[in-house]
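Asker: Can you look at this prediction? I've put the sequence above it.
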Amino acid sequence: MLPDADDLPEVLLDLAVPHEDVNELVALRGGVTGDPGALRLLEECVEALFRGPEGSGHPPGLAELFDEVPPEMAAAFPVYVFVAALPHTRARHRERGIPAEISRRTLADLGRQMAVHRRRHGTTGVQARGWLVRHFRGELYQLGRLQFERARLGLRSAPVIAAAGLDAVPGTRCLNLHIPDFHGPLTPAACDRSLALARGFFARHFPEEHPVAALCHSWLLDPQLKRYLTADSHIVRFQERFRTVREDTEPADTEPVQFVFGDPGLPLAQLPRRTSVERAVGDHLRAGGHWYIGHGWFPFRAE
């Protein structure tokens with residue numbers, strides 16, 4: 001199920017795995033291939049990854065299976081799962097006619113999540129390992145600056161979107177929009193280009209789905225950011241694309257700390273103030289405030 005030790009480095013580099021992690025992953029490969037229990041668990045993970053209907057916005061979780069991995073290989077094991085799933089993923093992409101460049105950039109999120117893990121822990125591993133299930137199932141695609149996930153409207157979002165005059169009920173096709181890290185500034189021009197790519201992409205490769213709206217669930221949509229950032233900032237301009245779906249009442253203070261500073265457990269007093277966003281996040285928390293996940297949407301029509 002895994003490439004041999006000579007071929008594995010090239011596969012890892014194609015997935016944007018950081019260079020400093022490659023040798024360790026090649027060395028640990030033998031611990032997986034030489035252990036019948038580990039191989040069986042690897043096969044179970046790959047089967048579970050592709051189980052169930054596509055495009056629901058709720059892909060299967062692998063957390064329970066990952067918890068069965070022996071401690072000595074737990075950090076690296078998700079990498080081998082995604083590498084073993086790769087032929088199936090590419091077959092799904094080929095069936096849909098997904099261009100090779102889009103496939104490559106989408107699956108390179110494995111390397112991004114490994115870079116996040118190394119930034120936080122200084123070791124080889126995969127941050128948000130369950131997140132990558134979407135990519136390897138063929139449900140999420142990197143299209144320019146943004147990522148778009150095939151999904152369906154939920155019980156809370158559908159009435160709001162229907163009230164705006166769109167044909168929307170729970171289960172109607174939509175897209176979940178995500179903002180990846182390590183991909184440059186969130187400029188209006190980059191977002192415009194990404195949305196244009198998405199309209200053509202989903203019309204061409206998923207013509208039967210007809211998503212009616214794009215939704216985003218992110219701390220970047222917390223309206224409190226407008227208190228700290230200028231009206232022409234990239235984040236404020238991004239917020240202005242969206243209409244509100246709902247407002248959260250439960251604080252999510254660790255979200256901006258995690259994404260801005262790289263570690264959700266950093267003490268507030270130690271948060272740097274180098275940029276306007278860093279100052280906004282840290283100063284607001286130090287003043288006793290809270291941050292919330294914003295939930296927004298806008299109409300989406302494929303070309």
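Answerer: In hand now; what should we look at? Predicted, not measured: the structure shown is a model, and the values here were computed from it.

Asker: can we go C-alpha only for contacts and neighbour counts from here?
Answerer: OK.

Asker: tell me which element L177 falls in.
Answerer: With elements delineated by DSSP states H and E, L177 resides in strand 173-178, which encompasses its position.

Asker: residues in contact with that strand?
Answerer: Strand 173-178 has contacts (C-alpha atoms under 8 Å, 6 or more residues apart in numbering) with 57, 146-153, 209-217.

Asker: Okay, the residue nearest to G296 when sequence neighbours are not counted and K226: tell me how far apart.
Answerer: Spatially, and ignoring its direct neighbours in sequence, G296 is nearest to T244 (4.5 Å; C-alpha to C-alpha, 6 or more residues apart in numbering). Distance, T244 to K226, using C-alpha to C-alpha, to the nearest Å: 15 Å.

Asker: Quick one: low-confidence residue ranges for the chain.
Answerer: Across the chain, not a single residue meets the criterion (pLDDT under 70).

Asker: Please, where are all the strands along it?
Answerer: Taking DSSP state E to define them, one finds strands in the chain at 140-143, 146-152, 173-178, 213-218, 243-247, 294-299.

Asker: Figure out which of these is closest to W131.
Answerer: Comparing the strands of the chain against W131 with C-alpha to C-alpha, the closest turns out to be strand 140-143 (10.1 Å).

Asker: what helices or strands is that closest one leaning on?
Answerer: Using 3 or more C-alpha pairs under 8 Å, 6 or more residues apart in numbering; DSSP states H and E, the elements in contact with strand 140-143 are helix 100-107, strand 146-152, helix 188-205.

Asker: Now render those as TSV, adding mean neighbour count and distance to N176.
Answerer: As requested, the helices and strands packed on strand 140-143 are arranged in TSV below (neighbours: other C-alpha atoms under 10 Å; distance: least, C-alpha to C-alpha, whole Å):
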stretch	mean neighbour count	distance to N176
helix 100-107	17	15
strand 146-152	23	5
helix 188-205	17	12
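
Asker: What separation do you get for the residue nearest to G296 and L110?
Answerer: When T244 is compared with L110 (using C-alpha to C-alpha), they lie 31 Å apart.

Asker: So these two - more neighbours on which side?
Answerer: Neighbours around T244 and L110, counted as other C-alpha atoms under 10 Å, are more numerous at L110. The numbers are 28 against 17.

Asker: ok, back up a step: go ahead and produce CSV holding the CA coordinates of the strand holding L177.
Answerer: Backbone C-alpha positions of strand 173-178 (Å, rounded to 0.1, in the frame of the first residue of the first chain) are rendered in CSV as follows:
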residue,chain,number,x,y,z
ARG,A,173,-25.8,22.1,-2.5
CYS,A,174,-23.5,24.8,-1.3
LEU,A,175,-19.7,25.4,-0.9
ASN,A,176,-17.8,25.8,2.3
LEU,A,177,-15.0,28.4,1.7
HIS,A,178,-11.8,28.0,3.6
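
Asker: Any buried residues in that strand, and which?
Answerer: Buried residues in strand 173-178, defined by neighbour count with 16 or more other C-alpha atoms under 10 Å: 173-178.

Asker: ok so, going back, identify the residues contacting the residue nearest to G296.
Answerer: With C-alpha under 8 Å, 6+ apart as the criterion, the residues that contact T244 are 294-297.

Asker: ok, those residues vs Q239, which is closest?
Answerer: Closest approach to Q239 among those (C-alpha to C-alpha): G296, at 8.3 Å.

Asker: The closest one against W219, yeah?
Answerer: No: using C-alpha atoms under 8 Å, G296 is not in contact with W219; the gap is 10.7 Å.

Asker: Need the residues touching each of these two.
Answerer: Counting by C-alpha under 8 Å, 6+ apart, G296 and W219 have no common neighbour.

Asker: quick one: which of the two has more around it?
Answerer: Here G296 and W219 are compared on neighbour count by other C-alpha under 10 Å; more neighbours surround G296, at 23 against 20.

Asker: quick one: that one from H217, how far?
Answerer: 7 Å.

Asker: Tell me the spacing between the closest residue to V257 other than its chain neighbours and D109.
Answerer: Nearest residue to V257 in three dimensions, chain neighbours excluded: P264, at 5.1 Å (C-alpha to C-alpha, 6+ apart). Counting by C-alpha to C-alpha, the separation of P264 from D109 is 20 Å.
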